[in-house]
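S.K.: Any chance you could fold what I've pasted below:
(chains A and B)
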Amino acid sequence: MTKQLLFIDSDEDHAGALKTYIERKLYDVTCVSTFDAAKDFLDKTSPDIILVDPFISDEMVSCLETVKKANPFIQIIVLVQKDKLDAAMDIFGSNVIHYIEMPINSKMLDFALNAAKKNISMNRKIDRYSERLSELHGTQDLLNQLFEKVPCYISVQDRNFRITAANRKFRQHFGNQVGGHCYEIYKHRTSKCHDCPVAETFRDGESHSTEEIVTSKFGKQYNVLTRTAPIRNEKGEITQVMEMSTNITQIRQLQDHLVSLGLMLGSMSHGVKGMLTALDGGVYQLETGLAKKDDERVLKASGQIKTMADKIKHMVLEILYYAKSRELQYEKMTVTTLADNVISTVKSKAEKHAVKFDVTIPKDLGEIDVDPKWMEASLVNFLENAVDACMSDRDKTDHRITFQVSKNSKNQICFTITDNGIGMDTETKNKMFTLFFTSKGSQGTGLGLFIAHRVVKYHGGTVDVESELGKGSQFYICIPFQKPKTNKNVEFPMEDH
Amino acid sequence: MKKKILVIDDDLNIRDYLVSLFNDNGYEAYIAGDVKEGIKEAQKIKPDLITLDIEMPGEWGPRFYRQLSQDPELKNIPVIVISGLSGHQYAVVKAVASLTKPFDRAELLKIVKETLN
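M.R.: A predicted model of the protein is given here:
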């Protein structure tokens, strides 16, 4: 690009000759011979280089200082008589790129012009760099803000699934866990998850997504939709993977609520069909028994019909209880009766599967306020689960469940259920009260423990669990003797927030 | 001589029902609660017809059917599937009929009668 040069010299002939010389070097040269002409020009234009004799006028020096101050990139080359060189240097110092003695040596002039040119291009580069740098800072700030404020959990992970960065929401719910393993933080596991989307992205560089249930540092479970994206270095190699998880717990709950009845009816349909057939059978036996005057058949039939009616009632109530908002129906009953009722329901199932059933119920535990139907159903569910845990265990030959009832220091009644079945890993333990979570495959609906837990909770009680994989589990279910002051309207399956 | 029907179902109430129904209608009913017992019983009594539930704890109906087909003495015994699972009855392709619980009593008796004649 042609550089613009202003040549200020009182000697017009000298200036004219020099102009021709400089123009040959491809500069666009303007010559002025007076201070006023120079000032005029500088007011309108900002040349790249000023070639000047500063002593042509008293005002020239201050004018040059002002110009340099306004545009520090202007390169000034000073032309002076030998005797004024020192004075010029004292005035301008390093603000001037070069001092040339008059009469001008052309080599010296070339040298000065080249130095000025280099300086100009250097300054332009610096200017561009600083512009880009400030742009970059701006972008970085923006990205940082996005990363921090985006309303989902973002973590960046290395190949060992260690978290190298996490955004604010992640830190709020899962702690400042940089350096920790993703699977430990999200799921309290000791090893990588099966089908890890981060591992998949490291493998193929594509984005992957999964739906997971994670546990926050406060022990709360969230359903999250997780997506991954690769982070590459300059060579295009994947060095880290970003994982973004959106909390879809509420959406899931709504969805669950909508589909749950259908799902439950589907999963229960086999049982219902069996019950209806048996009920049909009972009716048939009753009819034929009456026709044949066979009292034994009639008696058996009525027993069968009663059993089936009870079973169907139980199932229908479970559906209604799950589907509808319902206030607990408190009654006073002795703890012994409650425990006895529960045991009589579960005992035959345990015995059928050769699981020993030890019961310890001290006498005189007094009376308790409960909704008998649902508290019994809840305790039965915990116990049946213990039987299932024993049945699923193939390592031990002897299986045993103990059921103990006691009072605790908080004046609560505690049911302790211990089994030596398959036990649970931390992940299963964390999720076991989550709606539709089941460790029993197609055998489970994921409803049983969810409802059982809710029932205890709405009685103002608590459920604590200890478990070890392969060894067994212990459930402590404690409920207060008196009903809580606020009788909550129990709504299923919405989580309370 | 009365025709023999073997009822295989894990539900005691349903077994009782079918036994009464068949006995009342001039057949001789036998029972088995699972696949293993079913094979043993079939070998012993050589029934003229078998009613089979598909889903039972431990082993399920189609396996019984395979075992039955491999036994030259038993393989020609007609089988009626009576199951709570709709669709799964096709697992026993050679069944003379498939009924879904709760089944229609008259329909079952009609199929039994037609099969045994």
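
S.K.: Give me the pLDDT for the closest residue to chain B within the stretch 151-300 of chain A.
M.R.: The minimum distance from the stretch 151-300 of chain A to chain B, using Cβ to the nearest Cβ, falls at A:Gly281 (2.5 Å). Glycine gets a C-beta too; all of them are placed from N, C-alpha and C. As predicted, A:Gly281 sits at a pLDDT of 92.

S.K.: Give me the phi and psi for A:Asn247.
M.R.: Torsion angles at A:Asn247 (phi, psi; degrees, to the nearest 10) stand at phi -80, psi 110.

S.K.: Okay, now the unreliable bits of chain B?
M.R.: Along chain B, the parts satisfying pLDDT under 70 run over B:57-60, B:85-93.

S.K.: So which residues on it come close to chain A?
M.R.: Neighbours of chain A within chain B, by Cβ under 8 Å from any Cβ of the partner chain: B:11, B:13-14, B:16-18, B:20-21, B:24, B:55, B:84-85, B:100-103, B:105.

S.K.: Could you report the distance from A:Pro396 to A:Asp419?
M.R.: You called it Pro, but residue A:396 is Lys. As judged by Cβ to Cβ, to the nearest Å, A:Lys396 and A:Asp419 stand 11 Å apart.

S.K.: returning to that earlier point: any idea how many residues pack against the residue of the stretch 151-300 of chain A closest to chain B?
M.R.: 26 (other Cβ atoms under 10 Å in any protein chain shown).

S.K.: Give the full set of residues in contact with it.
M.R.: Contact analysis of A:Gly281 by Cβ atoms under 8 Å, 6 or more residues apart in numbering or on different chains lists A:Gln304, B:Asn13, B:Ile14, B:Asp16, B:Tyr17, B:Leu18, B:Ser20, B:Leu21.

S.K.: can you map out the strands along the stretch 201-350 of chain A?
M.R.: Under the criterion DSSP state E, counting those that start in this stretch, the stretch 201-350 of chain A contains strands at A:209-215, A:221-232, A:238-247, A:326-327, A:331-334.

S.K.: low pLDDT regions in the stretch 351-497 of chain A?
M.R.: A:435-447, A:486-497.

S.K.: In chain B, which residue sits nearest chain A?
M.R.: For chain B, Cβ to the nearest Cβ, closest residue to chain A: B:Tyr17, 2.5 Å.

S.K.: For that residue, give me its contacts.
M.R.: A:Thr277, A:Ala278, A:Asp280, A:Gly281, A:Gly282, A:Tyr284, A:Gln285.

S.K.: Nearest residue to the middle of chain B?
M.R.: B:Thr51 (1.2 Å; Cα atoms, centre = their mean).

S.K.: and A:Gly470, backbone torsions?
M.R.: Per degrees, to the nearest 10, the backbone of A:Gly470 is at phi 90, psi -20.

S.K.: Does it touch A:Met424 like I think?
M.R.: No: at 9.9 Å, A:Gly470 does not count as touching A:Met424 under the criterion of Cβ atoms under 8 Å.

S.K.: Specify which residue of these two has the higher count of neighbours.
M.R.: A:Met424 (21 against 13).

S.K.: That one is in what secondary structure piece?
M.R.: Counting by DSSP states H and E, A:Met424 is held by no secondary-structure element, helix or strand.

S.K.: now the closest residue to it other than its chain neighbours: how far from chain B?
M.R.: Distances taken as Cβ to Cβ, 6 or more residues apart in numbering or on different chains put A:Ser467 closest to A:Met424, at 4.3 Å, once the chain neighbours are dropped. Remark: distance between A:Ser467 and chain B (Cβ to the nearest Cβ, to the nearest Å) = 26 Å.

S.K.: So A:Ser467: helix, strand or coil?
M.R.: Following DSSP: H, G, I helix; E, B strand; the rest coil, we place A:Ser467 in the strand state.

S.K.: Now for the spatially most central residue of chain A: which residues touch it?
M.R.: Nearest to the geometric centre of chain A sits A:Tyr153, at 2.0 Å (Cα atoms, centre = their mean). By Cβ under 8 Å, 6+ apart, the contact set of A:Tyr153 is A:Ala166, A:Asn167, A:Lys169, A:Phe170, A:His173, A:Phe174, A:Val224, A:Glu243, A:Met244, A:Ser245, A:Thr246, A:Asn247.
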